[in-house]
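Novice: whatever this is, show me its structure:
(4 chains)
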There are 4 protein chains.
Amino acid sequence: MTTTVQTAIVGVTGYAGGELARLLLAHPRLQGKPPVLAGRVDEKDLARGGVPLAEIHPHLAGGVANQLKDAASQLKMEPFSWELFAARKVDVLFLATPHAQSRAWAPEALKRGIRVIDLSGAWRLTEAAHRAVYAFEDEGSAQAAAIQAQAVYGMPELHRKEIAKAKLIANPGCYATSVILPLRPLVAAGLVDLDAGIVADAKSGVSGAGKAPTAKTHFMSAADNLSAYAVFTHRHTGELVEQIGVAGDQIVFTPHLLPIPRGILSTIYVRFKQAQTAGSVARVYREFFAASPMVRLYEKSLPQIQYSVRTNYADIGFEIDAGGKRAVIVSCLDNLLKGAAGQAVQNLNVLEGWPEAEGLA
Amino acid sequence: MTTTVQTAIVGVTGYAGGELARLLLAHPRLQGKPPVLAGRVDEKDLARGGVPLAEIHPHLAGGVANQLKDAASQLKMEPFSWELFAARKVDVLFLATPHAQSRAWAPEALKRGIRVIDLSGAWRLTEAAHRAVYAFEDEGSAQAAAIQAQAVYGMPELHRKEIAKAKLIANPGCYATSVILPLRPLVAAGLVDLDAGIVADAKSGVSGAGKAPTAKTHFMSAADNLSAYAVFTHRHTGELVEQIGVAGDQIVFTPHLLPIPRGILSTIYVRFKQAQTAGSVARVYREFFAASPMVRLYEKSLPQIQYSVRTNYADIGFEIDAGGKRAVIVSCLDNLLKGAAGQAVQNLNVLEGWPEAEGLA
Amino acid sequence: MTTTVQTAIVGVTGYAGGELARLLLAHPRLQGKPPVLAGRVDEKDLARGGVPLAEIHPHLAGGVANQLKDAASQLKMEPFSWELFAARKVDVLFLATPHAQSRAWAPEALKRGIRVIDLSGAWRLTEAAHRAVYAFEDEGSAQAAAIQAQAVYGMPELHRKEIAKAKLIANPGCYATSVILPLRPLVAAGLVDLDAGIVADAKSGVSGAGKAPTAKTHFMSAADNLSAYAVFTHRHTGELVEQIGVAGDQIVFTPHLLPIPRGILSTIYVRFKQAQTAGSVARVYREFFAASPMVRLYEKSLPQIQYSVRTNYADIGFEIDAGGKRAVIVSCLDNLLKGAAGQAVQNLNVLEGWPEAEGLA
Amino acid sequence: MTTTVQTAIVGVTGYAGGELARLLLAHPRLQGKPPVLAGRVDEKDLARGGVPLAEIHPHLAGGVANQLKDAASQLKMEPFSWELFAARKVDVLFLATPHAQSRAWAPEALKRGIRVIDLSGAWRLTEAAHRAVYAFEDEGSAQAAAIQAQAVYGMPELHRKEIAKAKLIANPGCYATSVILPLRPLVAAGLVDLDAGIVADAKSGVSGAGKAPTAKTHFMSAADNLSAYAVFTHRHTGELVEQIGVAGDQIVFTPHLLPIPRGILSTIYVRFKQAQTAGSVARVYREFFAASPMVRLYEKSLPQIQYSVRTNYADIGFEIDAGGKRAVIVSCLDNLLKGAAGQAVQNLNVLEGWPEAEGLA
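Specialist: As a prediction, this is how the structure comes out:
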């Protein structure tokens, strides 16, 4: 059942990168083929061949009896270079890097025949949208446009076929995943009154704010608190607009910082063109996700963040008002898994033609 | 500065009741006049004259040196009876009791000439609305209707004058306070496009769910979690409709259970009839709350739950989109203070003609 | 690699039972052989053949595409009866039940030739110690004594050989595991000055207090708090005394309730008979645990609860003072895994002759 | 009842400084006399006369109706200079500054006739002890020795008389307060077998780690976690040794980082020379603290962190084993109040001859 695919990760020091390393190390198809880890390595660590993964993420190390033998304990983050990837014959490169770095490195990898699964926002939008939102230096350049044209939005539930053939997969944003998955089926089916406007009120755990210590991620600011931020201006809004298929003024998206480590819950408000029943809406979802093993539909209750955390599932539930014209949809997922590293591995599975949920269930 | 007003509390064992006792004990006008505490007292405690407040709420007790002298340490919850209140010449009775109990006891108190500040939902709605929502046994009765007609909705920012003369004050719901205060000024000013619908997405700490241990309030269910509940069916919706002045299908209200002890943040989505600016909206708020010491307007940032917790303030901030037609309003308050006990004391202040913020700042 | 061993769980509704179900369902040797789940099933659920596991523990259910096919979604908790176990040819029964229930049911299972792994405290101590601590009705009876004589304390790191041949395995207490593992090697090596006394100050997450909603497990009591309890009286003390090999007055054990869902950290204070170095102490640990894959020794830093949570590892680290005569040892583990369900599966592995860490790494 | 004492705070931006500002603003004796706030002010803020306190600590600001009038909203942190303090006739200066800064500034203040209450560790130990622990540049200098000789350890329960006459008060460490208060009475009474060794296992909320965002204070590191640190090396150990009156090898002190915002619980283990009863120990405490309004003795249960948080009380409770020879003592306090700002105000009260608990109860 194993394979000859060689993976690599840049950005393993972050939360998503760490989860990615964990998933790839445990993936049934990749046994004996641990990912190459590359990053910035200082002089002291160069001397010992890199930084042991077990020092970066202590929870990934093995026990006394196998302290020198298990893969995670032996694995080291080595100094980044394209020569390293060539020497190790890397086939698929995961970039868990800042937007600008992914923007610069993805083209380099493609040039060398390495397929890329990029977890940043560098390649998720059409060129025009990117310009407004990220302001990359190379935007509008012919090269950027050419590469963007190849990029596939890495949400298997929407673009499974394109992903299977992609060279560059733009792994979706965590918030975007939690809003697109519950909305796309209803909008695609023509149920939603777009002119009435959609509200997506999303709440995320602190790991979504990244590993850098800041005033915002300080325990004292985040604990016992809730705050809204980036109102009307969050970058994931572009993904919502393009992937759901709505105009910018037809949706409002507000993110909030929750006092929990991980997980996103999005509460979504829509009006229907015509009255619906719980059954008619469930039917739309069931059909849309019939081939999607990583979506769970809640028909008798609403999902809660706890149920999806540490899984790769996107959980969806909803309530319809007495008149059948308004719905409140609740979607939950783990921002580091279905919202990042898990979806990236799901994309790898699709790319390699493996069962989509392999190594993720 | 002190007074001769004698207060009493039924329901001091709960969270709101405990906060109420703390506030009344520290109130400058009530020094030397601690509240009479009444409730269910078992036989063992009867023998010692009741249950010491310091055993019910250990944080209210004093230190070694004054263990026998400070008011909180000496105060006891005595067995409930109308004779007790008569003997102590109770003027104002706070009911921090379940809805049905308040429904039964408020008339009894009024009959005896005791004014009532009721923290339950028993008297907040018009009779017709009550019937649909609470289904009290006595609903529709002549007595209930007569008493309901006397009841004043206890939100000083909206009904200051009526409260000053009231015999029965229906202290608002915690969620309701956090949604009505930011919406009423805009709706009253005619800014809001009601047909476009209002969304109020509210999140509350666990103290809002009460002191009874349940599966929902178990640490394992509440911590590291977020869940929506009572979608389209929460009882506070009636208060929103009546006090904001909208139709039931013009507003959707969704409560969520936050993994924090106290605090509510409501994120509210409105569309304006005509484009507004930050300045024009702020002006409406500033005028509406010009005489309201317990509302704080955030003009440069958004409020966060932390800022209002353990205060009696309602904090309001907002963002307007580029076109000026849509607004996201964020309101925060402490569900046990401005959302319950604090607002009750604010009502007492108004009732007695004392400065509205006295004992609350 | 699969097997014909049929497992069963009584008590799957609790936290440890849920973890046990999760581990057994994912265990490589038990694919296609899901555990039989048995418990109290009410009439309504009888009609549909039991309570679906996915309703008891929603996080164990699969997605839309496999909602009717995956093992966890299909599995049901059926009404408990010995006939059920006979019909399903159960080989190994896990009891995640209250002490008294395990005390009654283990003999019944043994009588029927079913081996038992009991997660309660019913069979962990010698009969004499049991009498003082648990006061079971049958204590002192010939039958109880006979069964107790067969019971093996299920800590593979100490009793691997006996477990392999056992009919009844008494799975250790969570606190006990976190204190015995770091202390037994040092005491066995004769390093510790027992007369000077050992202090074990242990802190546990709330799942250790069980799933029943109580005043203690209410979010408001547990969150933002820390409390000591059962000082000098906790039942796990008996396990410490017997398994470490000390007298009752040579060790003090104090448990505390931490405001986190899971994990135990024990801080242990010992004096050495003769001055030690970090190296000499590490050597003792390394030798003792040389064949123990589920213990991790920290030699450069101290373990933290986070590193061990959701793993089956027991993490051990220590500091020695300048004079070499005093040590502070820190041990961490997940109370539901190495402290309960994980250790139970580790015992199953030993019992069946499978690799000890299989299904647990 | 008001006074003419003018206070000032350096370091108001930190957690302890913020609490200090809050307490001084609300202190009955200081109405109309808000503290002078001084610190680093950048150019942009210089233009508006400093940084508004309400921007540094939003929870201290008033509401719409009094936004321009209440003291906290008007108060600004001005650029630090000795001229500022001279112009405002500052009598008492609170230094909530880093150790080295307090070491440099306290002498400057004393030279100018300003009394100092220093919340840092700069002046808490005898010169010899300081040298070993803090390694200040000026240690061993004649000036430092002279100033140290004037410094009084600011724990009113131990040094009330000396504090009343002091020019320089060294406010105790938070951990130190939580360990000294429960131990000093027993050691002073000669009850404790010091040769058997004392263990103090302390756990503190994250505010104790300061406001600077670090890997340690990141929500993801602190939440759902517990860790021990500075084992055998924490700086507060020097205070324990000197104030309790024990030798360095007679006490072990281990601090832990708790996943809560504030509060310390210390679990302390002692052996008695002769068997004691609960009554005999309680008597010692009651006598020792007879004149101490800020200590609460728990005689029927143990204190919990929640009871003391947001109060200035130090709570003490204990259990004695069956033989009467061993005790476990539990002490709780709020690290920002009794462990810092509250104790500083308590010291101010003693210094000025006001009731010791004024503005603190």
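Novice: burial count for residue A:243?
Specialist: By the measure other CB atoms under 10 Å in any protein chain shown, the count of residues near residue A:243 is 23. Backbone N, C-alpha and C define where each C-beta goes, glycine included.
Novice: what's the following helix or strand after the one helix or strand residue A:161 maps to?
Specialist: Assigned by DSSP states H and E, residue A:161 belongs to helix A:156-164. Using DSSP H and E, the helix or strand that directly follows helix A:156-164 along the chain is strand A:168-170.
Novice: what is the rounded mean pLDDT of that following strand?
Specialist: Mean pLDDT, strand A:168-170: 98.
Novice: mind listing what's buried along stretch A:284-296?
Specialist: A:284, A:285, A:286, A:288, A:289, A:292, A:293, A:294, A:295, A:296 (16 or more other CB atoms under 10 Å in any protein chain shown).
Novice: so which of these are also by chain C?
Specialist: The subset of these within reach of chain C, by CB under 8 Å from any CB of the partner chain, is A:285, A:286, A:289, A:292, A:293, A:294, A:295, A:296.
Novice: between these, which sits nearest residue D:191?
Specialist: Minimum distance to residue D:191 across these is 61.6 Å, recorded for residue A:296 (CB to CB).
Novice: thinking again about what came up before, narrow the ones next to chain C among the buried residues of stretch A:284-296 to those in strands?
Specialist: Mapping these onto strands (DSSP state E) picks out A:295, A:296.
Novice: quick one: which of the ones next to chain C among the buried residues of stretch A:284-296 is nearest to residue C:89?
Specialist: The closest of these, once distances to residue C:89 are taken by CB to CB, is residue A:293, at 31.8 Å.
Novice: thinking that closest one is in contact with residue A:358, fair?
Specialist: No - applying CB atoms under 8 Å as the test, residue A:293 and residue A:358 come out as separate, 9.6 Å apart.
Novice: pLDDT of the helix or strand encompassing residue A:93, averaged?
Specialist: Residue A:93 belongs to strand A:92-95 when assigned by DSSP H and E. Strand A:92-95 shows a mean pLDDT of 98.
Novice: likewise for stretch A:205-218?
Specialist: 96.
Novice: around chain D, which positions in the stretch 101-250 of chain A sit nearby?
Specialist: Residues of the stretch 101-250 of chain A lying near chain D (CB under 8 Å from any CB): A:206-207, A:211, A:213-215, A:217-220, A:222-224.
Novice: with adjacent residues omitted, what lies nearest to residue A:14?
Specialist: Of all residues not flanking residue A:14 in the chain, residue A:211 sits nearest, at 5.2 Å (CB to CB, 6 or more residues apart in numbering or on different chains).
Novice: tell me the confidence at the most far-flung residue of chain A relative to its centre?
Specialist: No residue in chain A sits farther from the centre than residue A:323, which is 36.0 Å out by CA atoms, centre = their mean. Per-residue pLDDT puts residue A:323 at 95.
Novice: so what's it up against?
Specialist: A:275, B:249 (CB atoms under 8 Å, 6 or more residues apart in numbering or on different chains).
Novice: please apply the same query to residue A:315.
Specialist: For residue A:315, counting by CB under 8 Å, 6+ apart, the contacting residues are A:295, A:296, A:298, A:303, A:307, A:308, A:331, A:332, A:333.
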